[in-house]
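Undergrad: let's see this in three dimensions:
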Amino acid sequence: MPPQSRSRLPAHRTGNATDSRLLTEAVTRLRRALRASIRTDYPWETLPMAQVELLQVLAEHSPARIGDLAARQRLAASTVSGLVGQMINAGLIARAVDPADRRASVVTLTSAGRSQLAAWTRAHENRLDAALESLDEADRAAVRAALPALFRVAEFLEDSEG
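TA: Numbering: from 1, shown residues only. Just a heads-up that it's a prediction; the model follows:
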């Protein structure tokens, strides 16, 4: 949206809407719009979100056991095991013996997995850069100012999940 057509909250959304409802709508719309624009502008980007999220977790916590990954993502171990199998076949992650317990296995990112995650991140940053550049400076400053609070909201939600 060009800066001159800048709008605030849609009129039908401001009535009795709570902050949490508006934030839910904003996050949902951002995710949907970003996902759709990425698939349009970067047709090579076909990695399912569940696999992207698993790559992101492995980038931060690797090597990891499947049970640990499932707990971090709040998914069933069987679901994560299925994702791991698909991603091993795609060459994005590798399975190895857990050095702490030779009876167990761990998974790690491969160089292809790291490259895929980096490309995914760059594509999203490029789309968001373009969107942010379409805003006037006041709106960019408002987004920048909101980021620390948004991270605190995310941390609260992560901490309260368990």
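
Undergrad: how about the strands in the protein?
TA: Listed in chain order, the strands of the chain (DSSP state E) span 93-98, 101-109.

Undergrad: how about the first one: buried residues?
TA: Okay, so that is strand 93-98. Using 16 or more other Cβ atoms under 10 Å as the test for burial, strand 93-98 gives I93, A94. Quick note: C-beta positions are derived from backbone N, CA and C, even for glycine.

Undergrad: please name every helix or strand in contact with that strand.
TA: Other helices and strands packing on strand 93-98, by 3 or more Cβ pairs under 8 Å, 6 or more residues apart in numbering; DSSP states H and E, are helix 49-60, helix 77-89, strand 101-109.

Undergrad: chain neighbours aside, what residue packs nearest to the residue nearest in space to the middle of the chain?
TA: When the chain is reduced to its mean C-alpha position, the nearest residue by Cα atoms, centre = their mean turns out to be E53, at 5.9 Å. Spatial nearest neighbour of E53, excluding adjacent residues (Cβ to Cβ, 6 or more residues apart in numbering): Q73 at 6.4 Å.

Undergrad: for R140, same thing?
TA: In space, and not counting its chain neighbours, R140 is closest to L132: 5.8 Å by Cβ to Cβ, 6+ apart.

Undergrad: pull up the per-residue confidence for the one you found.
TA: In this model, L132 is scored at 95, pLDDT.

Undergrad: cool, and the one 10 residues further on?
TA: Looking at A142, its pLDDT is 96.

Undergrad: from now on call the first residue 722
TA: Taking 722 as the first residue, the last one we looked at is A863.

Undergrad: low-scoring stretches of this structure, by residue?
TA: Applying pLDDT under 70 to the chain flags the ranges 722-737, 762-766, 882-883.

Undergrad: burial measure for I787, as a count.
TA: For I787, the neighbour count with other Cβ atoms under 10 Å is 19.

Undergrad: circling back to that earlier point, I figured the residue nearest to the centre of the chain hits L796, correct?
TA: No: using Cβ atoms under 8 Å, E774 makes no contact with L796, being 9.3 Å away.
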